[in-house]
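**Student:** quick check, what structure comes out for this input:
(2 chains)
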Amino acid sequence: MAEMRVLTAELQPEAGAALKKALGMTAADVVFEVRESGMKGRGGAGFPTGIKWNLAGAASGADKMVICNADEGEPGTFKDRLLLEKYSMQLLEGMTIAGYAIGSSKGIIYLRAEYPYLVPAIMKARQDLIDRKLMGHFILGGNFTFDVEVRLGAGAYVCGEETSLIESLEGKRGEPRNKPPFPVNSGYLGRPTIVNNVETFVNVPHIILNGSDWYRGLGIGENTGTKLFSVSGDVEKPGVYELQMGSTIGELLDLAGAEDVQAVQVGGASGITITAGELERTLSFDDLPPGGSVIVFDRSRDMMDVLENFLEFFVHESCGQCTPCREGNVRLLDVTRSIRDGRIASREELKDFFMLAEIMKLGSKCGLGQTSPNCFVDIVTKLAELPGGKGGI
Amino acid sequence: MSRNPVDIVTSAMEKYGSGREAIMQMLTDVNRELGYIPEEAIRAIAAAVGVSNAEIYSVLSFYSFFSTEPRGRNIVRLCNTISCRMAGAGDILAAIEDELGIRAGETTPDDRVTLETTSCIGLCDQGPAMLVNDTPHTRLTPDEARRIIAGLQ
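**Tutor:** Residues are numbered from 1 along each chain as shown, chains lettered A, B, ... in the order given. Okay, here's the model as predicted:
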């Protein structure tokens, strides 16, 4: 397992080659190929893409929708920015293939408000594809029609959650919906809808062109394909790296050049905090969340300041709908400051807060409240200076 | 001279229709053109879409890029998340606050600049980073930040 550039390879397949091949297959065969590839959603939640497409394709309802989640807001993540800047042709081709596969003629890219400067590149790619009859009406002279529009978000992290994103597109507060119904049955305006991450769509032309067997040859076991990682923090060469799924965090840090590592935050603020002793762990859906964000902290950093920063983020970004998330993050932030300032008298005092963290995981509707206590639990148990020594609650 | 809020909503309605799903685009257009969303615009959008004024207010108050208060001609959003912080965003904030004579969250008395700190803007590999209106500025130094801020009209 190591660096392996497919999505970010210098030489990309000719635009439209994968779409031409897909249009020569039945829609069901396209879905089958994606399903057989074993690709799981690249946004981080890891739902198998082919299964999602199959459900949406089979759902009854007119005007099915293909939505691209370009609301990349997880702290430390910027891989979709790179894809939108340089590979928007592949993104749009992937969305078009998805439209053919599920029987949809309309796509929307929900682009985060912080990326308005990427709109021209996306619109130029769209126009190029239309000029080459690879998008728009009667694609390649056949009966299939598909087009996309870009809609801007307005600065809300929770809109990266797919049902919040749909609410936002419908002109509402971006509060997560109750599931079921799932978007594949009732999504945007009640229509069957797939929501996939930018990177997921960018994978699609490669899977169609090279086949699912080739794709399964990348990665490890059920964790197929390559994965982009955004590396920042205390490294020599911050940036986006593409590795086979199942590579170790140590392999990734070797590429980026990390020294004197104290801790690594994998999967963003909502992810997992590991220490220097855990660098053999793998980036895969079975171990460290491969959502994409990797932030490195060397030994000069005070991890309680890091934790405070993450919790301030969650306090700001909680939509407020679920009480455990709205109030819980505030309480975790308070106690984090107490720990940092040495105002905790005994470890006993912290027990209630670990229970609170469990309640937040169980009692919050969406991924935000379910994952925001992770950093608290990890950093306090592994790295905090507590009465009687470091960590070890 | 900026357009009347009602005219902005009217042209937004021509572009996006008057379905509920046009609300975000209408709000975005008003917010971009005026820097904020005045009450006349809220009323005009509510009337166009056929929902209450309170409903429009409820939506816009959810999103951090929308404002109901007038803001400066330029909006500076400095990333405050951990990678930019580690790269020195605290020094950049201090330099900009000193240059403008205001604190984060405030607008200069001449309405030239509103300064905000913001959650991650996806430029973590090039921090410290900020957005000035729609334009990203990366790998800032305090001097560079002062120069950019001083150049804003």
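**Student:** distance from the chain centre to the helix or strand bottoming out on mean pLDDT in chain A, please.
**Tutor:** The weakest-scoring helix or strand in chain A, judged by mean pLDDT, DSSP states H and E, is strand A:389-390 (a mean of 78). Relative to its parent chain, strand A:389-390 has a centroid offset of 34 Å by Cα atoms, centre = their mean, to the nearest Å.
**Student:** sheet-wise, list the partners of it with their directions.
**Tutor:** The strands beside strand A:389-390 in its sheet (DSSP bridges) come out as strand A:385-386 (antiparallel).
**Student:** low-confidence stretches in the stretch 201-350 of chain A?
**Tutor:** The stretch 201-350 of chain A contains no residues with pLDDT under 70.
**Student:** which stretches of it form strands?
**Tutor:** Taking DSSP state E, counting those that start in this stretch as the test, the strands found in the stretch 201-350 of chain A are A:219-220, A:223-224, A:226-233, A:239-244, A:261-266, A:272-275, A:293-298.
**Student:** out of those, nearest to chain B?
**Tutor:** With Cβ to the nearest Cβ as the measure, strand A:226-233 is the member of the strands of the stretch 201-350 of chain A nearest chain B (3.7 Å). For the C-beta atoms, the positions are set from N, CA and C on the backbone; glycine is no exception.
**Student:** packing partners of that closest one?
**Tutor:** helix A:79-86, strand A:239-244, helix A:249-256, strand A:293-298, helix B:82-86 (3 or more Cβ pairs under 8 Å, 6 or more residues apart in numbering or on different chains; DSSP states H and E).
**Student:** next, format those as JSON lines and append distance to A:Tyr115 and mean neighbour count.
**Tutor:** Formatted as JSON lines, these follow (distance: least, Cβ to Cβ, whole Å; neighbours: other Cβ atoms under 10 Å in any protein chain shown):
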{"stretch": "helix A:79-86", "distance to A:Tyr115": "6", "mean neighbour count": "23"}
{"stretch": "strand A:239-244", "distance to A:Tyr115": "15", "mean neighbour count": "20"}
{"stretch": "helix A:249-256", "distance to A:Tyr115": "23", "mean neighbour count": "19"}
{"stretch": "strand A:293-298", "distance to A:Tyr115": "16", "mean neighbour count": "26"}
{"stretch": "helix B:82-86", "distance to A:Tyr115": "16", "mean neighbour count": "26"}
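**Student:** out of the ones you listed, which is closest to A:Leu307?
**Tutor:** The closest of the helices and strands packed on strand A:226-233 to A:Leu307 is helix B:82-86. By Cβ to Cβ, the value is 9.7 Å.
**Student:** pLDDT on stretch A:101-111, on average?
**Tutor:** For stretch A:101-111, mean pLDDT is 98.
**Student:** show me what the least confident helix or strand of chain A is in contact with.
**Tutor:** The contact list for strand A:389-390, computed with Cβ atoms under 8 Å, 6 or more residues apart in numbering or on different chains, reads A:Leu383, A:Ala384.
**Student:** one step back: can you put the helices and strands packed on strand A:226-233 in a markdown table and add distance to A:Pro13?
**Tutor:** As requested, the helices and strands packed on strand A:226-233 are exported to a markdown table (distance: least, Cβ to Cβ, whole Å):
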| stretch | distance to A:Pro13 |
| --- | --- |
| helix A:79-86 | 15 |
| strand A:239-244 | 16 |
| helix A:249-256 | 25 |
| strand A:293-298 | 28 |
| helix B:82-86 | 33 |
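**Student:** any idea which of the ones you listed gets closest to B:Ser2?
**Tutor:** helix A:79-86 (30.3 Å).
**Student:** pretty sure A:Gly367 sits against A:Glu161.
**Tutor:** Yes: A:Gly367 is in contact with A:Glu161 according to Cβ atoms under 8 Å; the separation is 5.9 Å.
**Student:** sweet, I'm off.
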